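Novice: with the sequence up front, the predicted model follows.
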Amino acid sequence: MSTYRFKEDFVWGVATSSYQIEGAANDDGRGASIWDTFCKVPGKVVRGENGDVACDHYHRLEQDLDMMADLGLQAYRFSIAWPRVQPDGRGAFNEKGLGFYERLVDGLLKRNIQPFATLYHWDLPQALQDTQNGWENRDTAYRFADYASKIGSVLGDRLASIATHNEPWCTAWLGNVTGYFAPGNESLKKAAHVAHHLLLSHGLALQALRADGVKAPLGIVLNQSSADGATDSPEDQAAASLEYEKFVSWYMDPLFKGRYPAQALAWYGENGPQEVIQDGDFDIIGTPMDFLGVNYYTRIFASASGPKRPPGVLGFTDMDWEIYPQGLTELLTKLNADYHLPPIYITENGCAAKDVLDHGRVRDTDRISFYDLHLAALSDAAKKGVDVAGYFAWSLMDNFEWASGYDKRFGMVYVDYATQQRTPKDSALWYRDVIAQHAGVAAPR
Ligand code: IFM
């Protein structure tokens, strides 16, 4: 095992999200989400699968909490299903739904595991989609701030952190340009409007939580990549720079610089966000944050003639994503140079693999190597001056991988969906040892 150099209070955790693991889609008053609806659209999800049962985490909470404790985790990042706690996305809250998250948070604290909550990991109440086109409508941002405020009042005193959104790029782009994710739109303009309202809702939620006196650190989680041109040609380099702006700067610039990035804005042209930007929006969006969450999986590899298959020197994961750990160092050092940043958590990093359960064991050496290489890259970034506060592996256990259904396994713990039996893979045991070796150890100067 390598030795990574992080600061003494560096946090070691794993991440999941509500729709991907909870199941219990029709229990205890949960409302429908846009993913419940989307999964029913023929052809949208592999084999027509859905999150109705998923890992049945809702009913197996205690067992899963014990499993987290056995793995020696210091922190657990989860998301709250908005339709479980406020079925219509407005109006009445659902006590039973809130009660589930109270039990989760209390169960974590009892086991000395810090609760890192995310308010939105893609499961928008269907009612908001039906009545006002969801995130296309500015009002949804205000509904989100109300929901955030409620979570703050119920859980705020017990949470180690609150992130507003997980990967708004996915919500906006995959949900509205490619139609690959819920709600399945195919319109660049809708995506630009959605992205703006997501950013606005983030700022409004932060302001509401602060006004309510919530002390937990507040931030947002963005998926990001470094970007390389396929060749050194000026055309390929320009393509890489544009893709980086569309993916990374489109969120970072409004959050930290009070504007959209120029090149990407020009690329959007009349399909951009201009119609929905109101005076004062960037002041709200730029409300100071206590942390930034970065999810890193692979790099962008661009050419003037469109996306190109990268060389993949270290191979590709089961998602066919290039394994490119040095991109993590490159990305973080670039962010650090370009923005005045709060501390950064890697809030997701991991790989899908064709895991096989063999006599009670999963020998996922490729995943161990993936984590090891990325932790080393993160350690390099810390050495180069990036303030790295923690690392969350994606994911605690195999789960519903959105449009890929249950086909892709990202977990450290193997889930047999027929029996719901959990089996820690070799990577989980390795991670437990990494945490034990590094916990509380300061980086040598
Ligand atoms: O499973 C997803 C997660 O929901 C968001 N980030 C990327 C993961 C792997 O695709």
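Specialist: That came through, no problem.
Novice: strands of the stretch 51-200 of the chain, residue ranges please.
Specialist: 75-79, 114-120, 161-166 (DSSP state E, counting those that start in this stretch).
Novice: what's the closest of these to the ligand?
Specialist: The ligand sits nearest to strand 161-166 of all the strands of the stretch 51-200 of the chain, at 6.3 Å, using CB to the nearest ligand atom. (Each C-beta comes from the backbone N, C-alpha and C, glycine too.)
Novice: what helices and strands are in contact with the closest one?
Specialist: strand 114-120, helix 138-155, helix 188-211, strand 218-223, strand 291-295, strand 344-348 (3 or more CB pairs under 8 Å, 6 or more residues apart in numbering; DSSP states H and E).
Novice: strand partners of it, parallel vs antiparallel please.
Specialist: Its sheet considered, strand 161-166 pairs with strand 114-120 (parallel), strand 218-223 (parallel) by DSSP bridges.
Novice: using PDB, list the CA coordinates for the last one.
Specialist: Translated: strand 218-223. Below are the C-alpha coordinates for strand 218-223, written out as PDB (Å, rounded to 0.1, in the frame of the first residue of the first chain):
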ATOM      1  CA  LEU A 218     -22.000  24.500   3.200                       C
ATOM      2  CA  GLY A 219     -20.900  23.800  -0.400                       C
ATOM      3  CA  ILE A 220     -21.700  22.200  -3.700                       C
ATOM      4  CA  VAL A 221     -20.400  19.100  -5.500                       C
ATOM      5  CA  LEU A 222     -19.300  19.400  -9.200                       C
ATOM      6  CA  ASN A 223     -18.100  16.700 -11.600                       C
END
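Novice: which stretches of the stretch 301-445 of the chain have low pLDDT?
Specialist: 442-445 (pLDDT under 70).
Novice: about what we covered before: which stretch among the strands of the stretch 51-200 of the chain comes nearest Ala182?
Specialist: strand 114-120 (12.6 Å; CB to CB).
Novice: quick one: the closest one to strand 344-348, angle?
Specialist: Note on geometry: by axes from the mean of the first three to the mean of the last three CA atoms, to 10 degrees, strand 114-120 and strand 344-348 are set 70 degrees apart in direction.
Novice: what sits up against strand 114-120?
Specialist: For strand 114-120, the surrounding residues in contact (CB atoms under 8 Å, 6 or more residues apart in numbering) are 11, 13, 15, 17, 74-80, 82, 101, 104-105, 108-109, 144, 147-148, 151, 155, 158-166, 171, 205, 221, 345, 347, 392.
Novice: could I have the buried ones of the residues you listed as ChimeraX selection syntax?
Specialist: Remark: buried members of the contacts of strand 114-120, expressed as a ChimeraX selection using 16 or more other CB atoms under 10 Å:
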select :11,13,15,17,74,75,76,77,78,79,80,82,101,104,105,108,144,147,148,151,155,159,160,161,162,163,164,165,166,171,205,221,345,347,392
